[in-house]
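1. what would the 3D arrangement of this be:
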Amino acid sequence: MKNIWIIYRKELRSYFVSPIAYVIMALYALIFGFFFYSAVKYFQQVAMQAQMMGRSYPMNINEMIVRPVLMNTSVIGLFLIPMICMRLFAEEKRSGTIELLMTSPVRDIEVILGKWLAAVALYATVLLVSAVNLTFLFSYGKPDWKPILVGYLGLLLQGGCLLAIGTFISTLTRNQIIAGVSGFCVSLLLWVLEWTTSFESTTTSKVLGYLSVVTHFEPFTKGILDTKDVVFFLSAIFLGLFLTARSTESLRWRA
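-> Just a heads-up that it's a prediction; the model follows:
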């Protein structure tokens, strides 16, 4: 546990001593702010139109603002998550420090967990920064806070899943650009797999749709905490870290 903590602190510090963390947080906050502003503006227009037409029906802030914003926000992760994890092992291989790391008295799983947890911590920090926008809803309205927490749990689980896969991809190359582009392509593939269910109803399309992160993230945006969705993301995290362990094991033997 001590070794994991040491590697975790080292990796997390490396994010914040370079522009990576600040660029990612700035980009995420900017895009999230645009989505939030657009959703609030649309909600305001619908409310004014209803008032002018003399209609009085309940307007759900969670359904009209929070849920669309969280769905759109999850798309941002497809672009930013590869930026977080592309350097985890690729940079070590490029700089030549991978040999030192692999021959040190530290177990592979400790290295992997330390690096992955640091990436998850950075992503959680980015989500926390974006959540500041939603606090304004409580100043001018009465949204239900429980679906918001469930939605952010879904974002964190989805992010952890894609970060685990991106960590594995980072062990396969010494080029950060290749690692980042490959991570983005895989993340995008896991996103669009859900589209197959819209034009086909075969067993294959249903299986592919089930493997999509969208299928399992969407219930979180509705405030639904389903065990099968949590198990899916945890299983994907385990698979990604397992593959990373096998890949680093081969690196250790070569080192």
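2. buried set for stretch 172-182?
-> Under the neighbour-count criterion of 16 or more other CB atoms under 10 Å, stretch 172-182 has 172-174, 176, 179-180, 182 buried. No exception for glycine: its C-beta is placed from N, CA and C like everyone else's.
3. and which of those is nearest to Tyr123?
-> Gly180 (15.0 Å; CB to CB).
4. dump the residue contacts of that closest one.
-> Taking CB atoms under 8 Å, 6 or more residues apart in numbering as the definition of contact, the neighbours of Gly180 are 82-83, 86.
5. go on, Ala119?
-> Each residue near Ala119 by CB under 8 Å, 6+ apart is listed here: 11, 84-85, 88, 163, 166-167.
6. got any ranges where the stretch 1-150 of the chain has weak pLDDT?
-> For the stretch 1-150 of the chain, residues meeting the criterion pLDDT under 70 lie at 50, 54-59, 96, 99, 102.
7. can you add secondary structure and distance to Phe36 and give the contacts of Gly180 back as JSON lines?
-> Conversion of the contacts of Gly180 to JSON lines gives the following (DSSP: H, G, I helix; E, B strand; the rest coil; distance: CB to CB, whole Å):
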{"residue": "Pro82", "secondary structure": "helix", "distance to Phe36": "24"}
{"residue": "Met83", "secondary structure": "helix", "distance to Phe36": "22"}
{"residue": "Met86", "secondary structure": "coil", "distance to Phe36": "27"}
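8. how about the residue nearest the centre of the chain: what's its closest non-neighbour residue?
-> Centrality entry for the chain: nearest residue to the mean C-alpha point is Gly159, 2.1 Å, by CA atoms, centre = their mean. Closest residue in space to Gly159, ignoring its immediate chain neighbours: Tyr123 at 4.6 Å, by CB to CB, 6 or more residues apart in numbering.
9. immediately after the helix or strand where that neighbour lies, which helix or strand?
-> For Tyr123, the enclosing helix or strand under DSSP states H and E is helix 108-140. Per DSSP H and E, the first helix or strand lying C-terminal to helix 108-140 is helix 145-170.
10. how about the contacts made by the nearest residue to Glu110 once chain neighbours are set aside?
-> If you skip the residues right next to it in sequence, Glu110 has Asn3 as its closest partner in space, 4.3 Å away by CB to CB, 6+ apart. Applying CB under 8 Å, 6+ apart to Asn3 gives the contacts 106-107, 110, 114.
11. likewise for Asp144?
-> Asp144 makes contact with 62, 223, according to CB under 8 Å, 6+ apart.
12. please enumerate the helices of this structure.
-> Taking DSSP state H as the criterion, the chain carries its helices at 2-16, 20-52, 61, 67-85, 90-95, 98-102, 108-140, 145-170, 176-192, 196-199, 203-210, 213-221, 227-254.
13. thought Thr73 was touching Asn133?
-> No - checked against CB atoms under 8 Å, the pair Thr73 and Asn133 is beyond contact range at 10.1 Å.
14. need the overlap of contacts for these two.
-> Counting by CB under 8 Å, 6+ apart, the common neighbours of Thr73 and Asn133 are Phe32.
15. the two: who's more crowded?
-> Neighbours per residue (other CB atoms under 10 Å) separate Thr73 from Asn133, with Thr73 holding more: 20 against 17.
16. any idea how far the residue nearest to the more buried one when sequence neighbours are not counted lies from Leu78?
-> Setting aside the residues directly before and after it, Thr73 is nearest to Phe32 in space (CB to CB, 6+ apart), at 5.7 Å. Computed with CB to CB, to the nearest Å, the distance linking Phe32 and Leu78 is 14 Å.
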